[in-house]
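*Asks:* Sequence first, then the predicted structure:
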Amino acid sequence: MTETDKISDEMLNAFIDHELSDDDMMQIYMTMSKDADLRAHVCELRATRDLVRSAYRVTSPLGKTQRLPSRAPTWGLAAAVALLSTGGLLGWLAHPLWQPPATSALVAGVDDPSASRIRVVFHASRNDADAFAQILDEAETLLRANHGGRAANLVRIVANGEGLYLLSARTSPFKNRIQRLNAQHKNHVVFAGCSQTRKRMKRERGESIELLPEVFMVNSGVIELLELQEQGWRYMPI
Amino acid sequence: MNPFHFVRHSEIRKRLSAIRPRLYRTAFAWTHDRDLAEDLTHDTLVKALQGARHLRDLKALDAWLFRIMTNCRHDHFRKQAATDDIDNHELIDEHTPETQSGERELIRMVRDAVQALPETHRQTLTLVDLEGFSYVETASILGVPVGTVMSRLSRARARLRGILTAADPGAQSTSNTARIRRIK
């Protein structure tokens, strides 16, 4: 490669992307040193690449995600919920992370030591009333242990996939219990439904699911799950 | 619990959280539709979590995720293909008060130009330029030969340059100084 005319556009693009061998890179450098037009062309290519990078640098991810309101002052903006849309997904997440617990197992080493509280996100991805009843039992046990102050246990109950029916205003068999739990432990429990699941059900089944008034929507259960676990929340699926 | 598995899954979760903004950014660059970009990001993460146990080499996680997202996009538009073609969509008007600034205007112009590219070119361009994937990785993600990546990228950048130049006559002054010559 000794003449400019032998350098294709593909090669020049590979040059600015550092995809060529050292020998080819050197050849192009040498050619550029003698060819002002070639240098200008490479400069334009780089500018185009940099413009593309700049144009998407400011894209804010998931900016429309609906965050849960902060019910307890200590929750702060971490108030998202967990999880998940398709059932079974948690098969992977759950098992390595969760040993079937006695509730007391939740207490040990779970949380921010300074707050000495337990934060657990329960996940319902299946429309399984018996399993969901157990979730509510576990949640209630944790919530009853609260005696006020900073060391309060916090509970999130998130439904997605088929589990969304458990929070449906029309089909949930737990309307009264959810209402009672929410009223009694208002600052410490949040019920959440996955908006992605709801949209998918609408799109694929033509089914509109109206959720109970106590239920907040989160945009993506999966994403919220990841974030909550990053923040140290314990994950417990059904 | 196998400690190795625990550490591995924790590592994957962290990596997924970290890469989420990048997935969204690329999904947005592909679709220029915020809702759709969120859907694609979400679906990609769901499938990644479902399949993570099969991922043997964590070093391949990034490329693997973008390959999943490429497939998610194919799936999405296959469903809509009968009635809709994303490449026929009018661009979303993203004008906001901020677009009064030159920077915002430039960003809008570049995004419009990227959106005007053929889809295959747009995907190739964004994987290389935004995500920094190598040509080999990009070829693997898109399921095409490396040579195709090179030609798509070359055409995409050339076309992008043409669009931007046409959209911004001021750019001609630069071109006059630095004349672009079609080489070969």
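*Replies:* Yes, it's here. Numbering: from 1, shown residues only, chains lettered A, B, ... in the order given.

*Asks:* pretty sure A:P173 is in contact with A:D130, am I right?
*Replies:* No. Counting by CB atoms under 8 Å, A:P173 stays clear of A:D130, with 10.3 Å between them. All C-beta atoms are positioned from the backbone trio N, CA, C, and that covers glycine.

*Asks:* For the two, work out which one has more neighbours and name it.
*Replies:* Legend: neighbour count by other CB atoms under 10 Å in any protein chain shown for A:P173 and A:D130, higher for A:P173 (12 against 7).

*Asks:* in a helix, that's where the more buried one is, yeah?
*Replies:* No. Assessed by DSSP: H, G, I helix; E, B strand; the rest coil, A:P173 does not belong to a helix; its assignment is coil.

*Asks:* Relative to chain B, how far out is it?
*Replies:* Using CB to the nearest CB, to the nearest Å, A:P173 is found at 27 Å from chain B.

*Asks:* Check which helices and strands the top helix by length along chain B is in contact with.
*Replies:* As assigned by DSSP state H, the longest helix anywhere in chain B is helix B:3-31. Helix B:3-31 sits against helix A:36-57, helix A:89-97, helix A:221-230, helix B:34-51, helix B:61-80, helix B:119-129, with contacts defined as 3 or more CB pairs under 8 Å, 6 or more residues apart in numbering or on different chains; DSSP states H and E.

*Asks:* tilt between the helix or strand harbouring B:L106 and helix B:3-31?
*Replies:* Per DSSP states H and E: B:L106 is located in helix B:102-116. On the basis of axes from the mean of the first three to the mean of the last three CA atoms, to 10 degrees, helix B:102-116 is oriented at 90 degrees to helix B:3-31.

*Asks:* could the helices and strands packed on helix B:3-31 go into JSON lines alongside mean neighbour count and mean pLDDT?
*Replies:* Below are these laid out as JSON lines (neighbours: other CB atoms under 10 Å in any protein chain shown; pLDDT from 0 to 100):
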{"stretch": "helix A:36-57", "mean neighbour count": "17", "mean pLDDT": "87"}
{"stretch": "helix A:89-97", "mean neighbour count": "20", "mean pLDDT": "34"}
{"stretch": "helix A:221-230", "mean neighbour count": "25", "mean pLDDT": "75"}
{"stretch": "helix B:34-51", "mean neighbour count": "22", "mean pLDDT": "85"}
{"stretch": "helix B:61-80", "mean neighbour count": "18", "mean pLDDT": "87"}
{"stretch": "helix B:119-129", "mean neighbour count": "23", "mean pLDDT": "94"}
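
*Asks:* Out of the ones you listed, flag the one nearest B:I19.
*Replies:* When these are compared by CB to CB, helix B:61-80 sits nearest B:I19, at 6.2 Å.

*Asks:* does that closest one come close to chain A?
*Replies:* No. On the criterion CB under 8 Å from any CB of the partner chain, helix B:61-80 is out of touch with chain A, staying 9.0 Å away.

*Asks:* Tell me how far that helix lies from the chain's centre.
*Replies:* 11 Å (CA atoms, centre = their mean, to the nearest Å).

*Asks:* List the contacts of that helix.
*Replies:* With contacts defined as CB atoms under 8 Å, 6 or more residues apart in numbering or on different chains, helix B:61-80 is touched by B:12, B:15-16, B:19, B:23, B:26-27, B:30-31, B:36, B:39-41, B:43-44, B:47-48, B:51, B:55, B:84, B:86, B:123, B:127, B:131, B:133, B:137, B:140-143.

*Asks:* Now A:S172. Its backbone dihedrals?
*Replies:* Per-residue torsions, A:S172: phi -70, psi 130 (degrees, to the nearest 10).

*Asks:* Report pLDDT for it.
*Replies:* We have a pLDDT of 93 for A:S172.

*Asks:* Just name the shakiest helix or strand of chain A by mean pLDDT.
*Replies:* In chain A, the helix or strand scored least confidently by mean pLDDT, DSSP states H and E is helix A:103-107, which has a mean of 30.

*Asks:* That helix: what's the following helix or strand?
*Replies:* By DSSP H and E, the next helix or strand past helix A:103-107 is strand A:119-124.

*Asks:* ok so, going back, which one of the helices and strands packed on helix B:3-31 lies nearest to B:A156?
*Replies:* Closest approach to B:A156 among the helices and strands packed on helix B:3-31 (CB to CB): helix B:119-129, 3.8 Å.

*Asks:* Report whether the closest one contacts chain A.
*Replies:* Yes. Helix B:119-129 reaches chain A (CB under 8 Å from any CB) through B:L125, B:T126, B:V128, B:D129.

*Asks:* mind checking how far A:S125 is from A:A14?
*Replies:* 46 Å (CB to CB, to the nearest Å).

*Asks:* what about these two, which has more around it?
*Replies:* Set A:S125 next to A:A14 and count neighbours by other CB under 10 Å: A:S125 wins out with 28 against 22.

*Asks:* hang on, the more buried one packs against A:E162?
*Replies:* Yes. Assessed by CB under 8 Å, A:S125 is found in contact with A:E162 at 6.9 Å.

*Asks:* what's the spacing between A:D23 and chain B?
*Replies:* 17 Å.

*Asks:* Output the contacting helices and strands for the helix or strand in which that residue is found.
*Replies:* Assessed by DSSP H and E, A:D23 sits inside helix A:22-34. The contact analysis (3+ CB pairs under 8 Å, 6+ apart) places helix A:22-34 against helix A:9-16, helix A:36-57.
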